[in-house]
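1. just to be clear, the model below is a prediction. Sequence and coordinates:
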Amino acid sequence: MLRNDTLTPRNLTLTPELHGYLLDQGRMTPDPLLAEVIERTSAAIPDQAHMVVAPEEGALLTFLVRLLGARRIVEVGTFTGYSSLCLARGLPADGSLITCDVSAEWTALAQDFWARDGVGDRIELRLGPALDTLRALPAEPHLDLAFIDADKPGYIGYWEELVPRLRPGALLLVDNTLFSGEVIAEQPGEKAAAIREFNAHARRDPRVELVMLPIADGLTLARRLPSGESPVR
């Protein structure tokens, strides 16, 4: 096995110009409605606008939903609706997305965008503590995909409610798992420390195999293992 000190980083630093090229080549540049989500969020909630997922991440969400043929999705953390819009766009007409948040103000923006995009009938918004929403879901494995992008100290709790509800082969996606690089700081802040604890928790979980991608602020993809299958090590 290669030691960490023998590995050479192979991730490019994305300049604004190279990032624009990446978006164009991957057809990931936000369309007018997605661009409006970003603009209206920045105008209405400037201090929190960074919480909108990156365009390339949103495009990946749609891609993965279609790739899996997902029909039942749960999202923890709606905000102003960019990620839920991307998830819902990948669903078939009879698919469903339950999305959880605690802010009626922020999600009012989201609902407007969903309706205008024609996917509002696929999305059910549940306001209130996400743990309560998740615990009220059927306990058996039935979800095809789940996405966590909410309060960082809550990640382990959300994970523990979602993993048993994933069907074999389903995906659980978790955002911000690099947390601007602060996860490797000697004295990380509260949120970064919570993410570091979550990352260790997820990595030890024998029910899934996972990869962490350096997309946006770090995205972890975990696949629910079928019974009897061991994770790749």
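-> Now that the structure is in, tell me what you want to look at.

2. select the longest strand from this protein.
-> strand 166-175 (DSSP state E).

3. for whichever helix or strand comes after it, output the C-alpha coordinates as CSV.
-> Sequence-wise, the next helix or strand downstream of strand 166-175 (DSSP states H and E) is helix 190-204. In CSV, the C-alpha atoms belonging to helix 190-204 read as follows (Å, rounded to 0.1, in the frame of the first residue of the first chain):
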residue,chain,number,x,y,z
GLU,A,190,-17.3,23.6,16.0
LYS,A,191,-18.8,22.9,12.6
ALA,A,192,-15.5,21.6,11.1
ALA,A,193,-15.0,19.4,14.2
ALA,A,194,-18.5,18.0,13.7
ILE,A,195,-17.8,17.2,10.1
ARG,A,196,-14.5,15.5,11.0
GLU,A,197,-16.3,13.4,13.6
PHE,A,198,-19.0,12.5,11.0
ASN,A,199,-16.4,11.6,8.4
ALA,A,200,-14.8,9.1,10.8
HIS,A,201,-18.2,7.7,11.7
ALA,A,202,-19.2,7.2,8.1
ARG,A,203,-15.8,5.6,7.2
ARG,A,204,-16.2,3.0,10.0
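
4. which strands and helices sit next to helix 190-204?
-> If you count contacts as 3 or more CB pairs under 8 Å, 6 or more residues apart in numbering; DSSP states H and E, helix 190-204 packs onto helix 155-162, strand 208-213, strand 219-224. Placement of C-beta: from N, CA and C, glycine included.

5. could those be laid out in CSV, adding distance to G90, mean neighbour count and mean pLDDT?
-> Listed next are those as CSV, based on distance: least, CB to CB, whole Å; neighbours: other CB atoms under 10 Å; pLDDT from 0 to 100:
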stretch, distance to G90, mean neighbour count, mean pLDDT
helix 155-162, 18, 20, 98
strand 208-213, 18, 16, 96
strand 219-224, 15, 22, 98
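
6. just list whatever residues bridge to the residue nearest the centre of the chain.
-> Closest residue to the average C-alpha location of the chain: F147 at 4.0 Å, with CA atoms, centre = their mean. For F147, the beta-bridge partners are E75, L173 (DSSP bridges).

7. quick one on the thing from earlier: ok, which of the helices and strands packed on helix 190-204 comes nearest P32?
-> P32 sits nearest to strand 219-224 of all the helices and strands packed on helix 190-204, at 25.2 Å, using CB to CB.

8. check which helices and strands that closest one is in contact with.
-> strand 166-175, helix 190-204, strand 208-213.

9. quick one: residues in contact with the helix or strand containing L34.
-> For L34, the enclosing helix or strand under DSSP H and E is helix 32-44. Helix 32-44 is contacted from outside by 30, 48-49, 52, 55, 58, 79-82, 85-86, 109, 113, 116-117, using CB atoms under 8 Å, 6 or more residues apart in numbering.
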